[in-house]
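Colleague: With the input below, show me the fold.
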Amino acid sequence: MVDAINALYELQSEAVDKNHNPRATFAGCLLRLAGHDFMDYRVAADGTMTGGSDGCLNMDDPDNKGLPECIQNLDIASAYGETCDRVSLADFVVIAAEAVTARASTNYNPNDYFADGTLAARYRAGFKSGRKTETDCD
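Modeller: This next block holds a predicted model:
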């Protein structure tokens, strides 16, 4: 998944003009997706937890305006399509946001991240998988 996100990031132009930065647009789309997915986390009066990073967003909510277009235009679904039979959408959104954050970092070093696996191993060691994708969200 990290490779797929990094490949999509690399497909974005490095050219930066006033109000135009394709790589920042890509990173921003993934981070906004993850943030908006998480923002509906609630604890009910009875202690029941709902929402959070569950892969469920109401795309008709005005707060999510523009998310469907950036997901589609930047082909983010293709990265998920490579692993959708093994990873929930909920986990993918979290992993994709982490991957693009690492890739967009000013001290990104592909040799550190991929060659010896130290950063990837550290991330995997702390990652809690098993989020269930909700298909019906309020």
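
Colleague: CA atoms for contacts and neighbours, from now on please.
Modeller: Will do.

Colleague: measure the nearest residue to Tyr80 once chain neighbours are set aside to Met39 for me?
Modeller: Of all residues beyond its chain neighbours, the one nearest Tyr80 is Phe92 (6.8 Å), with distances taken as Cα to Cα, 6 or more residues apart in numbering. Using Cα to Cα, to the nearest Å, Phe92 is found at 16 Å from Met39.

Colleague: More neighbours: which of these two?
Modeller: In this view Phe92 and Met39 are compared by other Cα atoms under 10 Å, and Phe92 has more residues nearby, 25 against 12.

Colleague: if I look at that one, how far off is Ala99?
Modeller: Here the distance between Phe92 and Ala99 works out to 10 Å (Cα to Cα).

Colleague: now Arg86
Modeller: Between Arg86 and Ala99 the distance is 18 Å, computed by Cα to Cα.

Colleague: And the helices in the chain?
Modeller: Using DSSP state H, the helices of the chain run over residues 2-11, 22-38, 67-73, 76-81, 89-104, 110, 118-126.

Colleague: Please produce CSV containing those, extended by distance to Gly52.
Modeller: What follows is the helices of the chain, written out as CSV (distance: least, Cα to Cα, whole Å):
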stretch, distance to Gly52
helix 2-11, 22
helix 22-38, 4
helix 67-73, 17
helix 76-81, 19
helix 89-104, 9
helix 110, 31
helix 118-126, 19
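
Colleague: Model confidence score at the nearest residue to Asn21 once chain neighbours are set aside, please.
Modeller: Ranked by Cα to Cα, 6+ apart and with sequence neighbours excluded, the top spatial neighbour of Asn21 is Ala15, at 6.7 Å. The pLDDT attached to Ala15 in the predicted structure is 93.
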